[in-house]
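1. Provide a 3D model corresponding to the input given below.
(2 chains)
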Amino acid sequence: MSPAGRRVAAALAAAGIGLGALAAAGLPAFYESFLYLIFSWIALATSWAIFSGYAGYFSFGHGAFFGAGMYTTATLTTALDVPFLPTLLAAGGLAALLGAGVGAVVFRVKRLRGELFALLTLAVTFVLATIVLNTRIDGGPGVYLSAVPMPGLLASPTGTLYLLGLGLALATVGAAYAVAHSRLGLGLFAIHDDEDVAEVEGVPTFRYKLAAFALSAGIAGVAGGIHAMYVSYVTVGETFSITVPLYVVLMSVLGGARHWLGPAVGATLIGASLFAFTGGQQAILGRAVVALALILVILLLPEGVVPAALRRWRAWRPAAREAPASATPALVSDRQPGREAAALECHDVWKAFGGIQALRGVSLQVAPGEIVGLVGPNGSGKTTLINVASGHYAADRGRIALGAVTLAGRPAHAIAGLGVSRTYQIPRPFAHFTALENVALAATFGAARCSPPQARAEARRWLEFTGLGRRATALPHELNLHERKFLELARALAGRPRVILLDEVLSGLNPAEVAGAIRLIRQIHAGGVAILFVEHLMRAVLELAHRVVVLNEGEVIAEGRPHEAMRAPRVVEVYLGRTHVA
Amino acid sequence: MPSLTLLGQALVSGLLAGGIYGLLALGLSLSWGLLRLVNLAHFALALLGAYLTYQLGTAYHLSPWLAAAAIVPLFFLLGLGLHAVFTYFRVTEFTSLLVTFGLTVILESLIQWFWTADYRRYETPYATASARVGPLFIPALELLACLTAAVLSLATWAWLRFTYVGKALRASAEDPAMAAAFGVNHRVQGFLLSGVSATYAGIAGAFIALISTLAPSQIWAWVGVVFAVVIIGGLANPVGALLAGLLIGVSESVTMAVVTPAWAPLVAFSVLILILVARPERV
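-> Just a heads-up that it's a prediction; the model follows:
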């Protein structure tokens, strides 16, 4: 565990012991219930943020998972006489399963994923309410838990609930911290910024989203199980109301949903102020006030209280920057042992978008250690080929392989893991990641598979290599086009690819920058990486490529040594038009 | 197995109820598809329209037709106001969901504050009028609602397809920068569409007041069903929204007749899930 991690763990433990001792010393029951409610909101809001805040998929379904947990505990304790505490496990498990089910359906959709997810989770709440209401789970009148024996953790029942709530709240905040500082969290943050790029950089997006959402839903389920005992009378109307998702979203967004501590701060603020509005007409008013607060916070303070405060704090007292790396440029030529070079081979690859046939049976090879230039007029299918080879699109048919391993049909993150990296023509860095973090992500998830500290060292090396060493802490919007292009390159290299696919890295650069980029590409090649590069700049193609493949309207029309291929009659015809003089 | 008459009657009431779904989905589909704003508050606006019709009719004895005539300009202005907030704060597709979620809760609270959570029923002489075709009853008001939905969705389709404004809106949805380069004033058209969309919500609300019993919590019951209709019908596709509404309406009422009324709320959701599972690329 990192020193910061140890400090957080110690702080959470101290809070647990302190607040626990408070209850053991005998807190008035009113304060115990009041604090229990705050703890419950902390657990709910923090668990919501573990998926929705980190990955940017807003769920309105937290009420459904909370309710599933409530009814699990209510049913098990009353109908089946299961003791209270074990039912909490079942409550969490069932809610996690429900979350995973919803996720499995909606995460497969490519377009409108975020919006569909939000709407589907909202609908799930009401679907679940209908099911519970019309089956023996509830049947209409509600379930009483008053006869269920309370485990005697403390003398009073409210004291026991207080302790359970405290335990769950601290465990959830701890989990939020742990996730935020793990591979999972890194992947989720990348998904938040640009999911397609995250997948191409090697993040198993589907699995990560499913795991985080199940964890998030499971914690809500446990909170629901405890809450069933707190209310001791569970009804559909109260359980599956819109209150839980509304408050949970507001608390997280207010506190800062991307920060592990944000939702807890938001929950404490709102939870305490909610106490002013209880009962009857006041409750209606209170709900309206909370909803208004949600709108204002989203419009005026979208990042949340905690990140905003941290930013002010850092600006006021700048933290010690990480020591600059050694000035000597890193060498790329250290070929990794045990990893043989491999050829990228495309054979008869077809791809259509609706009625447009973008690729018509393209075949090409990039031998180990070869630099192949892929040229052709706009719309000839060059970028599509890169998208298909990197797994962003699935080919309609044809074979794509890296050495003996078939790539076609594999998800993009698996292809990245096997050692194929790419850059984007228009740079697509993760907007909330610094330059260093952008590159470190690729080192963590690409073929390199570094541990997080190793990944930072690697990232620093590649930034130095591409000349961005001084810009390590800059955010992408602070970089100019040239720097962002080189950041793309550093990110692709950090994955330790065997084959690298470059999509017009030189476009938009001035002549001096082009010369620098060409030097870099030569150095990358010297490191033993095979390169397939799409380029319009003929000077660079002729200078760099060992071999050129010319595409036109989705077909290979010429192939060979650069000067020869470009002189082929069909190529001249495509580029300059047909001569009509006999 | 229910009798053929019962099934036939279920089919008719399903088609008629589906018209209302289509009408509700229409405005939503337009603003989501063409303005990239997911307006959850659309349902709250519709219910507000319903309560206003109810209030004007019961407290001031205004005929529902006059009430509807008042609601159309009022809701057009409401739509403009909403869009002014969206454009001022540069609300994106995603934050629009959160903002309008908050707005929905505020409107629900307001409705509950003024009209309480009790069920309200607007009794009009038209409510019992119906035509009889063979053994089947066709309630006049619901038929009118369904016809209105059909007329509005076809008119909207023609508007988008054949007029300059419609074409400009579709161009802006596809590529705002390019459309602007060709001289399309996206701002003005956004306001217009937003106003039209809110007007549709108001019209749907007036019919809802005449046809069904009102309660504030109804907003949430519609959300799942109507969003399913929007997705099934295709974004910014007025005719698709109507057809999907009819499909869901019929599926629901047949479920009510064949299985049990209690399970009807699950139908739209199940159809949506089936589509997402079977053809995720269709969305």
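2. got the residue ranges for the strands in the stretch 401-550 of chain A?
-> Along the stretch 401-550 of chain A, counting by DSSP state E, counting those that start in this stretch, strands occupy A:405-406, A:420-422, A:499-503, A:530-534, A:547-552.
3. and the residue lying closest to residue B:210 once chain neighbours are set aside, how many neighbours?
-> If the residues on either side of it in the chain are set aside, residue B:210 comes closest to residue B:141, at 5.3 Å by Cβ to Cβ, 6 or more residues apart in numbering or on different chains. The C-beta positions use only the backbone N, C-alpha and C, and glycine is treated the same way. When neighbours are counted by other Cβ atoms under 10 Å in any protein chain shown, residue B:141 registers 18.
4. show me what contacts residue 68?
-> The chain I'm using is chain A. Contacts for residue A:68 (Cβ atoms under 8 Å, 6 or more residues apart in numbering or on different chains) come out as A:91, A:94, A:95, A:98, A:128, A:221, A:224.
5. Switch to chain B, please.
-> B:53, B:202, B:203, B:206.
6. quick one: residue B:82 from chain A, how far?
-> Distance from residue B:82 to chain A, counting by Cβ to the nearest Cβ, to the nearest Å: 12 Å.
7. Could you identify the longest helix within chain A?
-> As assigned by DSSP state H, the longest helix anywhere in chain A is helix A:205-231.
8. helices or strands up against that helix?
-> Packed against helix A:205-231 by the contact rule (3 or more Cβ pairs under 8 Å, 6 or more residues apart in numbering or on different chains; DSSP states H and E) you find helix A:29-48, helix A:54-55, helix A:62-79, helix A:84-106, helix A:157-180, helix A:183-193, helix A:195-200.
9. could you dump the strands of the stretch 401-550 of chain A to CSV with distance to chain B?
-> Shown next, in CSV, are the strands of the stretch 401-550 of chain A (distance: least, Cβ to the nearest Cβ, whole Å):
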stretch, distance to chain B
strand A:405-406, 23
strand A:420-422, 23
strand A:499-503, 21
strand A:530-534, 23
strand A:547-552, 25
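10. sorry, back to before: closest to chain B out of the contacts of residue A:68?
-> Distance to chain B, by Cβ to the nearest Cβ, is smallest for residue A:128 among the contacts of residue A:68, at 10.1 Å.
11. which SSE is the closest one in?
-> Using DSSP states H and E, residue A:128 maps to helix A:113-134.
12. what's the angle from that helix to helix A:84-106?
-> 130 degrees (axes from the mean of the first three to the mean of the last three Cα atoms, to 10 degrees).
13. Off-centre distance for helix A:113-134?
-> 23 Å (Cα atoms, centre = their mean, to the nearest Å).
14. Next, the angle from that helix to helix A:205-231.
-> Using the same axes, to 10 degrees: helix A:113-134 against helix A:205-231 is 40 degrees.
15. report the angle between the axes of the longest helix along chain B and helix A:113-134?
-> Counting by DSSP H, the longest helix found in chain B is helix B:4-35. Going by the same axes, to 10 degrees, helix B:4-35 is angled at 150 degrees with respect to helix A:113-134.
16. Check which residues of helix B:4-35 are buried.
-> B:8-35 (16 or more other Cβ atoms under 10 Å in any protein chain shown).
17. Could I get the average pLDDT for the helix holding residue A:128?
-> Averaging pLDDT along helix A:113-134 yields 84.
18. Tell me which helix or strand comes right after it.
-> strand A:143-144.
19. How about residues contacting that following strand?
-> A:71, A:74, A:75, A:78, A:232, A:233, A:234, A:235.
20. Where does pLDDT dip in chain B?
-> B:1-2, B:94, B:279-283 (pLDDT under 70).
21. now the helices for it?
-> B:4-35, B:41-59, B:64-88, B:93-115, B:140-162, B:164-174, B:176-181, B:186-211, B:218-233, B:238-258, B:265-278.
22. Show the contacting residues for residue B:12.
-> Counted by Cβ under 8 Å, 6+ apart, residue B:12 has contacts B:136, B:137, B:138.
23. at 10 Å what do you get?
-> B:133, B:136, B:137, B:138, B:139, B:142, B:143, B:146, B:250, B:253 (Cβ atoms under 10 Å, 6 or more residues apart in numbering or on different chains).
24. swap in residue B:112?
-> Per Cβ under 10 Å, 6+ apart, neighbours of residue B:112: A:281, A:283, A:284, A:285, A:287, A:288, B:118, B:215, B:216, B:217.
25. Of the contacts of residue B:12, keep whichever come out buried.
-> B:138, B:139, B:142, B:143, B:146, B:250, B:253.
26. I figured the fourth one was touching residue B:17, is that so?
-> No - contact between residue B:143 and residue B:17 fails when scored by Cβ atoms under 10 Å: they sit 11.3 Å apart.
27. Flag every residue of the stretch 151-283 of chain B that's near chain A.
-> B:216-217, B:219-225, B:227-228, B:230-231, B:235, B:260-266, B:268-270, B:272-277, B:279-283 (Cβ under 10 Å from any Cβ of the partner chain).
28. Buried members of these into PyMOL, please.
-> In PyMOL, a selection of the buried entries from those looks like this (16+ other Cβ under 10 Å):
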select buried, chain B and resi 216+219+220+222+223+224+225+227+228+230+231+235+264+265+266+268+269+272+273+275+276+280+283
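29. Can you lay out the buried ones among the contacts of residue B:12 as CSV showing distance to residue A:195?
-> Converted to CSV, the buried ones among the contacts of residue B:12 look like this (distance: Cβ to Cβ, whole Å):
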residue, distance to residue A:195
B:138, 49
B:139, 48
B:142, 44
B:143, 47
B:146, 41
B:250, 37
B:253, 39
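30. which one among those residues gets closest to chain A?
-> So of the buried ones among the contacts of residue B:12, ranked by how close each gets to chain A (Cβ to the nearest Cβ), first place is residue B:253, at 16.4 Å.
31. wouldn't that closest one be in contact with residue B:261 here?
-> Yes - Residue B:253 is within contact range of residue B:261, at 9.4 Å (criterion: Cβ under 10 Å).
32. Which neighbours do the two have in common?
-> Joint contacts of residue B:253 and residue B:261 (Cβ under 10 Å, 6+ apart) do not exist.
33. What's the local residue count around the closest residue to residue A:390 other than its chain neighbours?
-> Excluding the flanking residues, the one nearest residue A:390 by Cβ to Cβ, 6+ apart is residue A:422, at 4.6 Å. The local packing of residue A:422 (other Cβ under 10 Å) involves 27 other residues.
34. Quick check, pLDDT for residue A:1.
-> Residue-level pLDDT assigned to residue A:1 equals 67.
35. Which parts of the stretch 201-350 of chain A are strands?
-> Under DSSP E, counting those that start in this stretch, the stretch 201-350 of chain A gives strands at A:233-234, A:344-353.
36. dump the residue contacts of the closest residue to chain A within the stretch 151-283 of chain B.
-> At 3.4 Å from chain A, residue B:224 is the closest residue in the stretch 151-283 of chain B, using Cβ to the nearest Cβ. Residue B:224 is in contact with A:119-120, A:122-127, A:130, B:265-266, B:268-269, B:272, counting by Cβ under 10 Å, 6+ apart.
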